[in-house]
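Engineer: pasted the sequence and its predicted model underneath.
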Amino acid sequence: MFLLTKPTDELIQRFISLQNDQPFSYRVSYSDADIPRVQPPPGYVRDHNRIRLGEGAEVFRSAKDALRRWEMFNIGWLRLCWPDAPIEIGTTVAVLADLRCFWSLNACRIVRVFDEDGDVRRYGFAYGTLPDHVERGQESFIVEWNSTDDSVWYDLAAYSRPNHMLAKLGYPVTRALQKRFARESMDAMVRGSAR
């Protein structure tokens, strides 16, 4: 949803409530929610970004806590509504983007939660777009701890395609914003994991 003025918290809450019972805006395949490990559906663009957060159990615990606080959205031009939303299947959130000339409010719902042990421990989630999102697709936010080399990583992956006419018409701008989000989200997780 595009807006000419910044929406109030009340309008955002109404928006999220209306999106709660809506179907996903794409065909959901729960096996596809592990985005880094699968190919995107035909017609979707895949993005995959990773950054090393450090080493060891303490960094992994901090990274998990940062993810639970939605630190990956702690970016000046974005606001997650609401950062106290639980990381649970079915949780609906909105992302508010300040695009200078207008605002973009987008709804997503958590479709899968990762909490895996083994040689590589993983924690995170994937969410999918709802009808009032400018894109269609899924995005995953995962932190990993590899016992082989003790490294801790933040993994951000998505597959998407435009849903709204303005996103289609301004596709180069849309792609630039997606890449900017990936860079700044990784920086936010580095900061958030260092706490």
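Structural biologist: Now that the structure is in, tell me what you want to look at.
Engineer: can you name the residues that contact residue 57?
Structural biologist: Residues near residue 57 by C-beta atoms under 8 Å, 6 or more residues apart in numbering: residue 145. Glycine gets a C-beta too; all of them are placed from N, C-alpha and C.
Engineer: pull the residues that contact the lengthiest helix in the chain.
Structural biologist: Longest among the helix segments of the chain by residue count, using DSSP state H, is helix 171-193. Residues outside helix 171-193 that contact it (C-beta under 8 Å, 6+ apart): 45, 47, 49, 51, 53-54, 59, 62-63, 66-67, 69, 71-75, 78, 97, 99, 134-135, 141, 143, 152, 154, 156, 158, 160, 162, 167.
Engineer: in helices, which of those residues fall?
Structural biologist: 59, 62-63, 66-67, 167.
Engineer: scan these and report the most crowded one.
Structural biologist: Counting neighbours by other C-beta atoms under 10 Å, residue 63 comes out on top of the ones in helices among the contacts of helix 171-193 with 27 neighbours.
Engineer: what residues sit buried inside the host helix or strand of residue 114?
Structural biologist: Per DSSP states H and E: residue 114 is located in strand 103-116. Buried residues in strand 103-116, counted by 16 or more other C-beta atoms under 10 Å: 103-112, 114.
Engineer: so which of these is the closest to residue 85?
Structural biologist: Distance ranking of those against residue 85, using C-beta to C-beta, places residue 110 first at 8.6 Å.
Engineer: per-residue pLDDT, that closest one?
Structural biologist: The predicted structure scores residue 110 at 96 on the pLDDT scale.
Engineer: which residue is the nearest non-sequential neighbour of the residue positioned nearest the centre of the chain?
Structural biologist: Nearest to the mean C-alpha position of the chain, by C-alpha atoms, centre = their mean, lies residue 139 at 5.1 Å. What sits nearest to residue 139 in space, not counting adjacent residues and going by C-beta to C-beta, 6 or more residues apart in numbering, is residue 158, at 3.9 Å.
Engineer: where does the protein have its least confident helix or strand?
Structural biologist: helix 165-169 (a mean of 75; mean pLDDT, DSSP states H and E).
Engineer: contacts for that helix next, please.
Structural biologist: So helix 165-169 is contacted by 2, 134-135, 162, 174 (C-beta under 8 Å, 6+ apart).
Engineer: could those go into CSV alongside distance to residue 181 and neighbour count?
Structural biologist: Shown next, in CSV, are the contacts of helix 165-169 (distance: C-beta to C-beta, whole Å; neighbours: other C-beta atoms under 10 Å):
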residue, distance to residue 181, neighbour count
2, 17, 16
134, 13, 23
135, 11, 23
162, 15, 18
174, 11, 19
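Engineer: so which of those sits lowest on pLDDT?
Structural biologist: residue 162 (81).
Engineer: export the contacts of helix 165-169 to a markdown table and tack on distance to residue 25?
Structural biologist: Compiled in a markdown table, the contacts of helix 165-169 are given as follows (distance: C-beta to C-beta, whole Å):
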| residue | distance to residue 25 |
| --- | --- |
| 2 | 16 |
| 134 | 10 |
| 135 | 8 |
| 162 | 11 |
| 174 | 15 |
